[in-house]
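J.: build me a model:
(one chain, ligands or ions: 2)
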Amino acid sequence: MKALTWHGTKDVRVDTVDDPEIINPRDAIIKITSTAICGSDLHLYDGVIPGVKPGDVLGHEFMGEVVETGKDSTLEKGQRVVVPFTIACGGCFHCKSQQYSACDNSNPVEKQDMSATLYGQPMSGLFGYSHLTGGYSGGQAEYVRVPFSDVGPIVVPDHLDDDKVLFLSDILPTGWMGAENADIQPDDTVAVWGCGPVGLFAIQSAIVMGAAKVIAIDHYPHRLELARKLGAEIINFRESDVREALMEMSGGIGVDAVIDAVGMESHGFAVDNMIDVVKQKVGIGADRASALKQAILAVRFGGKVSIPGVYGGMVDKWPLGAMMEKGLQIRGGQTHVQKYTKDLLAKIEDGTLDTTFLISHRLPLEEAPTGYKNFKEEQDTWTKVVLKPGMEKAA
Ligand SMILES: [Zn+2]
Ligand SMILES: [Zn+2]
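T.: Numbering: from 1, shown residues only. Ligands and ions are numbered 1, 2, ... in the order given. Okay, the predicted model is just below:
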């Protein structure tokens, strides 16, 4: 089959690879109908995530049709399913408490060393996201093997087309959990750093959860405009002093909650960020966190800090003093996708949530490398790329 494979920094290609096969009784094979490129795929593309090997198939946002099932799968051939990017067994300590992205059983023992050293305990399995998280082949391909297919995939009704439900695989629940982790109360003013897909969905979620005011911070005009259309007030950080503006917009006490939807490759002109850029480039593992540092200074005393943005390693000059002195509540985590899919599907069906506004480009799988390049370099207008295996190439 054809699949998008990683070959090195900024080098991804569509290769012919072996078709996936059922390995375990709970597996299913899915024929991909839609698969998206994620902001966190760009971390792989940029070579800042360790443990990726040449030839690895990327992609963790996908859906399709069930074409083969193991004997213990609960899926049936022909069903349309969206598959969570987090692989979870459903039966371990963490899965039983709905902390699916912390599943104890989905990352094989031989892959656990690096993340256990970094984090104290190993990470669980993720699709298409380096050997740190199991080395599972991803879904930017014609077919994919889905382990624990009796737990993760959600069957979607035929009247909702792919564009409406694809993002249940990651970024919609990730934005939703990002807002939930900010513990939003009805009178809250919430500031969101980053108007990428997760930031925009966090904004939409915060509004649905009843925030009084949501403020979006970015520097891309088109993305800020999308945030404004969702109902947010906006700050362009190239034009305004963010902290000053936020103080003004929050009655002089700081915002109640902040959401960092930027993650470890944040832009910034402060000296410490420039040093972090250099350190990240030479591979000594420093995440760039200028958005998060700014968020911690902007939130009010007793405020709430949510981190859906991805970080992988260490951060220099962490504002620990501000965190302690201000009594902040900080929450992060990979998304427990399986916990949210059912409720969010219902919100899509009843029209509370619509995510299709985000899709800027649809490409055949063969053009995935172009999709990566432009999603990286033309961030303002390439807001979300959906790859469609089997789609006709543009003339
Ligand atoms: Zn993703
Ligand atoms: Zn589990």
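
J.: where does the closest residue to ligand 1 within the chain fall, phi/psi-wise?
T.: Of all residues in the chain, Cys38 sits closest to ligand 1, at 2.9 Å by CB to the ion. Quick note: C-beta positions are derived from backbone N, CA and C, even for glycine. Cys38 adopts backbone torsions of phi -110, psi 150, taken as degrees, to the nearest 10.

J.: report the beta-bridge partners for the residue lying closest to it once chain neighbours are set aside.
T.: Nearest residue to Cys38 in three dimensions, chain neighbours excluded: Glu61, at 5.4 Å (CB to CB, 6 or more residues apart in numbering). With DSSP bridges applied, Glu61 shows beta-bridge pairing to Ala36.

J.: Glu61 contacts Ser169, correct?
T.: Yes: between Glu61 and Ser169 there is a contact under CB atoms under 8 Å: 4.4 Å.

J.: list residues touching both of the two?
T.: 36, 85 (CB atoms under 8 Å, 6 or more residues apart in numbering).

J.: coming back round to it: any idea how far the residue of the chain closest to ligand 1 is from Pro25?
T.: 30 Å (CB to CB, to the nearest Å).

J.: which one of these two is surrounded by more residues?
T.: For Cys38 versus Pro25, neighbours defined as other CB atoms under 10 Å are more numerous around Cys38 (29 against 12).

J.: correct me, but that one touches Gly196?
T.: No: counting by CB under 8 Å, Cys38 sits too far from Gly196 to count as a contact (9.4 Å).

J.: residue numbers of the stretch 101-250 of the chain in contact with ligand 2?
T.: 103, 105 (CB under 5 Å from the ion).

J.: make it 6 Å
T.: Contact residues (CB under 6 Å from the ion) of the stretch 101-250 of the chain with ligand 2: 103-105.

J.: now the buried members of those.
T.: 103-105 (16 or more other CB atoms under 10 Å).

J.: closest one of those to ligand 2?
T.: Using CB to the ion, those come closest to ligand 2 at Cys103, 3.2 Å.

J.: okay, the closest one: pLDDT?
T.: Looking at Cys103, its pLDDT is 97.

J.: how long is stretch 40-51 end to end?
T.: 15 Å (CA to CA, to the nearest Å).

J.: run the chain-centre distance for it.
T.: Relative to the centre of its chain, stretch 40-51 is centred 13 Å away, using CA atoms, centre = their mean, to the nearest Å.
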